[in-house]
Structures are given as C-alpha cells and as structure tokens.
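sequence below, structure please.
(one chain, ligands or ions: 1)
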Amino acid sequence: MTSTTPSRPLAGKVALVTGASRGIGAAIARRLAGDGARVLVHYATSRGRAETLVAEIAAQGGNAIPVRCDLADPHGIAAMFEGIDHLLAERTGSNGLDILVNNAAVPGLGLLETLQADDVDRIVDANIKGTFYITQAGAARMRDGGRIVTITSLSATRANPAHLLYTATKGALNSLTLALAQHLGPRGITVNTIMPGLVETDMSAPLAGNEGQLDALRALTALGRLGQPEDIADAVALLVSPDGRWITGQWIAASGGLRL
Ligand SMILES: NC(=O)c1ccc[n+]([C@@H]2O[C@H](COP(=O)([O-])OP(=O)(O)OC[C@H]3O[C@@H](n4cnc5c(N)ncnc54)[C@H](OP(=O)(O)O)[C@@H]3O)[C@@H](O)[C@H]2O)c1
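Numbering: from 1, shown residues only. Below you'll find the model as predicted:
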C-alpha cells in the first residue's frame, strides 16, 4: 500500500499537467512528481522537451509519462484521453485521475482594431474550448476528493487592452471555475485558479531585453522581482496537497503582489 508522508504528500495520486513541456507547466510537473504523484506530462509540439522532463523525473525516482494533443483539436483531446485510459489501466489498474492542472494556453497580443478572425479562433479554440474539453474529460475520470487547478492570469482582473482577447479567455476560465467548484463539490473535488503575474518563461520572452519595462513591472510588485516558474508550481502544490482540501472556488493571485 502507498503511504503518504509529509515529504511525499501526493504518493499514490495521478496528475495530468497540460503544457508541461516547458515554462510553468514543466515546473508544476517536476514539483508534483517530487511530491510523489505519477504525472502525465502533456505537450503539443515540444516532444523532445517533454521526453527530457520525463527522463529527468524518472532519474530522480519519480513517475512520469508523456502524452500529446493540440488544445484546439477536440478529436485530438478525445484521442489523448483514450490513450491515457490504456496507459493508466496498464500501470495502475484504473484510469482514475486525482489532479488536473490546466496550464497550457496560447498567448495573444492584439488590439480591438487589429485582431483578425484567425487569431480570434486560435486564442478562443485553445484557451476556452480546449481547456473546457480537457476539464470535461478529466472530471469524468476524476476520483472523489480530486483537485482541478487552472492557470489563468492576474491580467484577467485588470484592464489590459494589448492582450484583450487573451485576458478575456482567462476571465472565462475564472468564471468556469466558480461553476465547477459548485458542481463538483459534492464529490469532494476542489476547483481553483492560480493567477500569475509576470513569470519569466518563453511566453514572457518578448519582454526580455526591455529592461525599462521589466524594471517598471518589478517596481509594481510588492516583493520587488519577477516571478519564476517554481513560484507558481509551489502555489499549485499547496492547492493539490491534503492541506488545500478546504480551498475551492477561488481565484488566487500568485504574483508577488503585482499591482496591489
Ligand atoms: N509567463 C507569464 O508571464 C504568464 C503570466 C500569466 C499567466 N500565464 C499562464 O501560465 C500558463 C503557462 O505559461 P508559460 O509562460 O509557462 O507558457 P510557455 O512557456 O509559452 O509554455 C506554453 C505551454 O503550453 C503548451 N501549448 C501551447 N499551445 C498549445 C496548444 N495549442 N495545445 C496544447 N498545448 C499548447 C506548450 O506546449 P508545446 O511547447 O509542446 O507546444 C507549452 O508546454 C499559461 O496558461 C499562461 O497563460 C503565464
């Protein structure tokens, strides 16, 4: 029998982390595996990076499996979950999931006047529809007492005209979270969002080198620095741990106090 210890609070749990090939998702997968979970490392195009992370987790005594789909492809999502059912049944005797972290998303710069239909479809299909279909399939497989955490963005609660559609998709996911927390509560499943501020990853790379803007963002942050992927991973680890059992239906900023 698997026993839970303070150093491995997720022993015996199965977690799916989307967008885990790099950035924040990779840090979350690493952290949950370190806490003892068997982690499904989802990727879309970065197969090599996902496989390297899986090997790194295995080398440290953890359990991880790469899985793939494009968030914008509902058939691909369904096929990924069929694959997950087989993989988990082989390894654990059940297709049950305990933790779903909806982290994958596409960025989207674009003003009201400039966004074209293709961009609108790309951003909405991946961030809203894709996250919805993954949550629908994940919740259907989730054991009672499970955890769903969606990574949204602090910008969903602020005016951000340069990224208006991207932030609107994150607002939609915050809203979805409230309804799901209510709906899944009777099964003991908690549903929350983590809203990062600026985190140094590929997504924020366009700002790299713009020291003036980065300094301004540091100055707007109570803790005086930019976020690192591990800052977000540790916040997710708290929510999915046994200690997070009473937190549900919340949008939690993990931003170092950006724009308080
Ligand atoms: N970085 C920030 O400052 C910041 C701030 C607020 C919120 N966030 C949120 O934090 C989350 C992670 O961001 P990040 O900065 O770590 O991003 P990132 O470094 O750009 O990584 C994005 C991840 O999402 C996956 N992905 C992208 N498009 C996809 C698609 N169409 N289908 C499936 N997977 C897809 C990528 O997979 P592949 O590489 O395999 O294609 C990758 O693993 C996102 O939800 C983002 O909106 C980030």
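
for this protein, identify the residue most remote from the centre.
When each C-alpha in the chain is compared with the mean C-alpha position (Cα atoms, centre = their mean), Glu113 comes out farthest, at 30.1 Å.

where in the stretch 151-260 of the chain is pLDDT low?
Of all residues in the stretch 151-260 of the chain, none has pLDDT under 70.

quick one, helices of it?
164-184, 211-219, 229-240 (DSSP state H, counting those that start in this stretch).

of those helices, which stretch is the most buried?
Compared across the helices of the stretch 151-260 of the chain, helix 229-240 shows the largest average neighbour count, a mean of 22 (mean count of other Cβ atoms under 10 Å). C-beta: built from backbone N, CA, C; applies to glycine.

what's the average pLDDT for stretch 71-89?
Here stretch 71-89 scores 98 as its mean pLDDT.

quick one: the helices of the stretch 151-260 of the chain as a markdown table, columns for distance to the ligand too.
Output for the helices of the stretch 151-260 of the chain, formatted as a markdown table (distance: least, Cβ to the nearest ligand atom, whole Å):
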| stretch | distance to the ligand |
| --- | --- |
| helix 164-184 | 7 |
| helix 211-219 | 10 |
| helix 229-240 | 6 |
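
what's the closest non-adjacent residue to Phe81?
Ala137 (4.5 Å; Cβ to Cβ, 6 or more residues apart in numbering).

any residue of the host helix or strand of that neighbour touching the ligand?
According to DSSP states H and E, Ala137 maps onto helix 131-141. No: Helix 131-141 stays clear of the ligand (Cβ under 6 Å from any ligand atom), getting no nearer than 8.7 Å.

as CSV, the helices of the stretch 151-260 of the chain with distance to Arg47 would be great.
Formatted as CSV, the helices of the stretch 151-260 of the chain follow (distance: least, Cβ to Cβ, whole Å):
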stretch, distance to Arg47
helix 164-184, 25
helix 211-219, 31
helix 229-240, 20
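
so which of these is nearest Arg158?
Between Arg158 and those, the shortest gap by Cβ to Cβ is with helix 164-184, which sits at 7.8 Å.

now that closest one, how far from the centre of its chain.
13 Å (Cα atoms, centre = their mean, to the nearest Å).

can you show me the CA trace of that helix as PDB?
What follows is helix 164-184, C-alpha atoms only, in PDB (Å, rounded to 0.1, in the frame of the first residue of the first chain):
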ATOM      1  CA  LEU A 164      -7.700  41.900 -24.500                       C
ATOM      2  CA  LEU A 165      -8.800  38.600 -26.000                       C
ATOM      3  CA  TYR A 166      -6.200  36.500 -24.200                       C
ATOM      4  CA  THR A 167      -7.200  38.100 -20.900                       C
ATOM      5  CA  ALA A 168     -10.900  37.600 -21.800                       C
ATOM      6  CA  THR A 169     -10.200  33.800 -22.200                       C
ATOM      7  CA  LYS A 170      -8.600  33.800 -18.800                       C
ATOM      8  CA  GLY A 171     -11.600  35.600 -17.300                       C
ATOM      9  CA  ALA A 172     -13.900  32.900 -18.900                       C
ATOM     10  CA  LEU A 173     -11.800  30.200 -17.200                       C
ATOM     11  CA  ASN A 174     -12.100  32.000 -13.800                       C
ATOM     12  CA  SER A 175     -15.800  32.100 -14.300                       C
ATOM     13  CA  LEU A 176     -15.900  28.400 -15.300                       C
ATOM     14  CA  THR A 177     -14.000  27.600 -12.100                       C
ATOM     15  CA  LEU A 178     -16.700  29.000  -9.900                       C
ATOM     16  CA  ALA A 179     -19.400  26.900 -11.500                       C
ATOM     17  CA  LEU A 180     -17.300  23.800 -11.500                       C
ATOM     18  CA  ALA A 181     -16.400  24.200  -7.800                       C
ATOM     19  CA  GLN A 182     -20.100  24.300  -7.000                       C
ATOM     20  CA  HIS A 183     -20.900  21.400  -9.300                       C
ATOM     21  CA  LEU A 184     -18.100  19.100  -8.300                       C
END
